[in-house]
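Q: sequence first, then the predicted structure:
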Amino acid sequence: MLCAKNITKKFASNGSVVPVLKEVSVDIAEGEFVSIVGRSGSGKTTLLNILSTLVRADDGELYYQNNNLSTLSESHLNRLRQADFSVIFQFHHLLPYFTVLENTLLPFMRSLRSVNKEAVQKAHQCLDRVGLADKADRLPGNLSGGEQQRVAIARALVKSSKVLFADEPTGSLDKATGKQIMGLLSELHEEGLTVVMVTHEPAYAQLAERIVTIEDGLISSPADRHFFL
């Protein structure tokens, strides 16, 4: 479904160029749950951002459903992300002056025109799914950290995307709330959603069907997985 071939990425830092990913290749099958793990600075979030098309690789190719995304224009990538990809970040990025319902509807808000009734109904369904049906009219500042992250998940689900990317979705949450979020992601995967997640928590990584370990910009072998140090 999603295939990265020989992905290379460098970033400028203090006047020098630092290689972050070094000819990394990885395949994600449809309906798979994959965890990407590694030490801080290993390149795992950069890989997730490239797989989700939020960042372009310097070299290499990215394929989605046999289509080469590396050659697409930014407008084409935007349409692909809108249709098929959703991303959950460690910090939920909710708009503070939008209600929970309005934040959930953000993927449909391309202009000042109101969204249609079908989208509003779908947003309510997604909020019910994450246990926030009774808080649709609240502002994010009146929610707990776990509730805010659940709004972010509802926002990701409202489009009926095919691939869900999650970057440290429990990183800013307490342990009990983190378990709730992971339980919800596992349920979504069991229903057929493809999930690609970056995490630093060993127990959460083990919930995935497969673990991809990044070590100094390279995918390491299973025998070298000291990735939570």
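A: Ah, there it is. Predicted model, so just to flag it, every value in this text is computed and none were measured.
Q: residues of the one helix or strand Ala83 maps to that come out buried?
A: Secondary structure from DSSP states H and E places Ala83 in helix 74-84. Buried positions in helix 74-84, judged by neighbour count with 16 or more other CB atoms under 10 Å: Leu80, Arg81, Asp84. C-beta: built from backbone N, CA, C; applies to glycine.
Q: quick check: Gly3 is in a strand.
A: Rather than Gly, residue 3 is Cys. Yes. Judged by DSSP: H, G, I helix; E, B strand; the rest coil, Cys3 forms part of a strand.
Q: nearest residue to it other than its sequence neighbours?
A: Tyr63 (4.3 Å; CB to CB, 6 or more residues apart in numbering).
Q: repeat that for Leu2.
A: Ile28 (4.0 Å).
Q: number of residues surrounding the residue nearest to Gly171 when sequence neighbours are not counted?
A: Spatial nearest neighbour of Gly171, chain neighbours left out: Gln90 (4.2 Å); criterion: CB to CB, 6+ apart. Neighbour count for Gln90, taken as other CB atoms under 10 Å: 18.
Q: look up how far Ala57 lies from Gln90.
A: Distance of Gln90 to Ala57, given as CB to CB, to the nearest Å: 22 Å.
Q: what do you get for Leu143?
A: 36 Å.
Q: for the two, indicate the residue with more neighbours.
A: Ala57 (23 against 18).
Q: list the contacts of that one.
A: Ala4, Ile7, Thr8, Lys9, Leu21, Ile50, Ser70 (CB atoms under 8 Å, 6 or more residues apart in numbering).
Q: hang on, it in a helix?
A: No. Ala57: not assigned to a helix; according to three-state DSSP it is coil.
Q: i'd like the first residue to be 58 from this point on
A: Sure thing, new numbering starts at 58, so read that last one as Ala114.
Q: pLDDT score assigned to it?
A: At Ala114, the model reports a pLDDT of 91.
Q: residue contacts, Leu242?
A: Phe90, Ile210, Leu221, Ala223, Pro226, Val252, Met254, Leu264.
Q: the first one: how many residues sit nearby?
A: Residues within reach of Phe90, counting by other CB under 10 Å, total 21.
Q: before we move on, what about Glu248?
A: For Glu248, the neighbour count with other CB under 10 Å is 8.
Q: how much space between it and Ala86?
A: Distance from Glu248 to Ala86, by CB to CB: 16 Å.
Q: now the strands for this protein?
A: In the chain, strands defined by DSSP state E lie at 59-70, 73-85, 90-94, 116-121, 124-125, 142-145, 220-224, 251-255, 267-272, 275-276, listed in chain order.
Q: which among the ones you listed is found nearest to Gln182?
A: strand 142-145 (15.5 Å; CB to CB).
Q: residue contacts, the nearest residue in space to Ala193 that is not next to it in sequence?
A: The shortest distance from Ala193 to any non-neighbouring residue, by CB to CB, 6+ apart, is to Leu158 (4.1 Å). Taking CB under 8 Å, 6+ apart, we find Leu158 in contact with Val177, Ala180, His181, Leu184, Ala193, Asp194.
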